[in-house]
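Engineer: next come a sequence and a model predicted from it.
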Amino acid sequence: MIQVRELRKTFSVRVKAGRFRREKRVVTAVDGVSLSIERGEMVGYIGPNGAGKSTTLKMLTGVLTPSSGFIEVCGFTPVPQRTRLALRIGVVFGQRSQLWWDLPLRESFGLLRHVYRVPAADHEARLRRCRALLDLDSFMDTPVRQLSLGQRMRGELTAALLHGPEVLFLDEPTIGLDVVSKQAVRAFLGELGATGDVTLVLTTHDLADIERLCERLVVIDHGRVVHDGTIEALHSRYGSRRSLVADLERPLPADFSLPGAVVTSVEAGGHRVTFALESVAAGAAVAGLVAAVGVRDLSVLEPDIEDVVARLYTDS
Amino acid sequence: MSRIDARVLTISRIGPFRGSATTFGVLIRSGFRRYSTYRQATIAGSFTNIVFGFLRCYVLLAVAAGAVGQRPGGYDVEQLATYVWVGQGLLAVIGMWGWTELSDRIRTGDIAADLLRPVSPVTSYLAADLGRALHAMLTRFGPPLVAGAIFFPLHVPSRWQTVPLFAVSVILAVVICFACRYVVNATAYWLQDARGPMILWTLGSGVLGGLYFPLRLLPDWATVTLWLGTPLPSLLQAPLDVITERDGPAMQAGLVGVQAFWAVLTLSLTVLVQRRAERRLVVQGG
């Protein structure tokens, strides 16, 4: 569905180099990205600020001309065939609006139907579905400029889907949303992805979006792909482990050791201990601990994706 | 979302031309709708047009009273009053000033949303502008004309072809004005901010378009040079000379012909500029 090989984008920036002199400096935003995305995949595309995420997305949608490299989306070359590609893709930019500021959603949607030339019956069916899933009915007749951010974002999602796109590009769709709106957007996208019809490419800084929605994670930094694979693969690559936090009956003896686990912290005068589980199952570790010192309370923590990604960003 | 097997490229049961015409029509209607939401602005604008109409009318009539044979630039008193009041009505229809939507969208990067539509930005902005002009024609053209007719003797067209020619002339003026404004706004693709070109445009279009004074007051060589060398007199001077019947029937039609030439030229320039801009476009912001 999406093929990208050795994609590169450079910008030239003029920098002050003296009282009147200005030097031209070349900034590389995307530096040799290669990707292949199949139909129905849900891909998270993440990276720190300025890594080149949005630039890649703009090139994939045909808004920005690449400096070099090969791109094909839905069988089209994005920039020269932009208007034809536009019929096949949907795009949501979290920080921009594609709706008409002065018009109510209902009219914006009607206008989009004509712009994309969607048959009335299909338009109706898709709109009905979005209205139900995204709960649009209470603000269909409010001008877009009066909508709250969460309401507007739900409108944007609908607008991007009304022409039945094969690929949906989402650039930070949950930015600035409250918890409830975020959940609504995620649930909606999850349902959309579950049908397997739509290919989804999502950039975000909220890793919970990725954990809920995307099996595949592409991490980009300084314009290069530094990871491409599942979230599990990322964890094992960076050796992130589950951890066991236990409140003990009595302080942990100094000579205590649990095979296959490492003590990572001791708090409350030895009463609270955290183990990193390296090569032991949580059950066995708990059993060993109960037998040795007695346990008042415990919890097993999954590895935190934010930590892994933070390490990835600072490493590269 | 189920796609209900509606890949858009395969669905056009209607022909491609009719499809485009429908889309264009709907975009015009949306332009109309967008402007019709600002009712207070419409009323305030009409009021301002009328106040300035009185000002301009009295100045020009004073000039006429002092001119040789009371016909400055070849207009009689009724024609001058008509020139002013129809001009005040057309001001909002042509929409010379105050349109910065495109340059704002380029500056903020929102232009990306326009580029992601299956319709070219020039087409969709032109349609929206025609809708805007239609709305202005229905709401802003009448009030100054009525005010003028109450307080001054106006020229009543004597030729059958004047009103249809005037209608064509106004449509062409709207198109030319749109194209000029589009190009001025599009300089933001290169400059990030189109304020400089915008100031030049505001000044140039007012002085050389025939708003501040009828260009016919200038020497003939200057008028002809401006008319044939720039699109500016085609904005306001041309439709006003058509409706006041300042010239003979052949010249009257000729003015509209010159407008048609400029409409084609400026629209082509718009398309060219947009295409060049897209190749070097930098979409601002993340």
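Structural biologist: Happy to help now that I have it.

Engineer: lowest average confidence, helix or strand, in the chain?
Structural biologist: All of this is about chain A. Ranking every helix and strand in chain A by mean pLDDT, DSSP states H and E puts helix A:305-315 at the bottom, with a mean of 76.

Engineer: against which helices or strands is it packed?
Structural biologist: helix A:207-213, strand A:216-221, helix A:231-237 (3 or more C-beta pairs under 8 Å, 6 or more residues apart in numbering or on different chains; DSSP states H and E). From N, CA and C alone the C-beta is placed, and that goes for glycine too.

Engineer: got the CA positions of it in PDB?
Structural biologist: Coordinates of each C-alpha in helix A:305-315 appear next as PDB, following Å, rounded to 0.1, in the frame of the first residue of the first chain:
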ATOM      1  CA  ILE A 305       7.100   2.000  26.900                       C
ATOM      2  CA  GLU A 306       7.800   5.600  27.700                       C
ATOM      3  CA  ASP A 307      11.000   4.600  29.400                       C
ATOM      4  CA  VAL A 308      12.100   2.600  26.500                       C
ATOM      5  CA  VAL A 309      11.300   5.300  24.000                       C
ATOM      6  CA  ALA A 310      13.000   7.900  26.200                       C
ATOM      7  CA  ARG A 311      16.100   5.700  26.200                       C
ATOM      8  CA  LEU A 312      15.900   5.300  22.400                       C
ATOM      9  CA  TYR A 313      15.700   9.100  21.900                       C
ATOM     10  CA  THR A 314      18.600  10.000  24.200                       C
ATOM     11  CA  ASP A 315      20.800   7.100  22.800                       C
END
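
Engineer: which residues touch it?
Structural biologist: With C-beta atoms under 8 Å, 6 or more residues apart in numbering or on different chains as the test, helix A:305-315 has contacts from A:46-48, A:207, A:210-211, A:219, A:221, A:226-227, A:231, A:234-235, A:238, A:240.

Engineer: sorry, back to before: okay if I get the helices and strands packed on helix A:305-315 as a markdown table plus mean neighbour count, distance to A:Leu177 and mean pLDDT?
Structural biologist: A markdown table is the format used below for these (neighbours: other C-beta atoms under 10 Å in any protein chain shown; distance: least, C-beta to C-beta, whole Å; pLDDT from 0 to 100):
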| stretch | mean neighbour count | distance to A:Leu177 | mean pLDDT |
| --- | --- | --- | --- |
| helix A:207-213 | 18 | 10 | 82 |
| strand A:216-221 | 22 | 21 | 89 |
| helix A:231-237 | 15 | 22 | 79 |
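
Engineer: and the least confident helix or strand of chain A, how far from the chain's centre?
Structural biologist: Its chain's average C-alpha position is 15 Å from that of helix A:305-315, according to C-alpha atoms, centre = their mean, to the nearest Å.

Engineer: then stretch A:234-241?
Structural biologist: In terms of C-alpha atoms, centre = their mean, the centre of stretch A:234-241 is found 19 Å from the chain centre.

Engineer: ok, now which ones touch residue 91?
Structural biologist: No chain in the question, so chain A it is. A:Leu57, A:Thr61, A:Gln98, A:Ala160, A:Leu168, A:Phe169, A:Leu170, A:Asp171, B:Ala113, B:Leu116.

Engineer: actually it's chain B I care about, not the one you picked
Structural biologist: Taking C-beta under 8 Å, 6+ apart, one finds B:Asn49, B:Arg140, B:Leu211, B:Leu236 in contact with B:Leu91.
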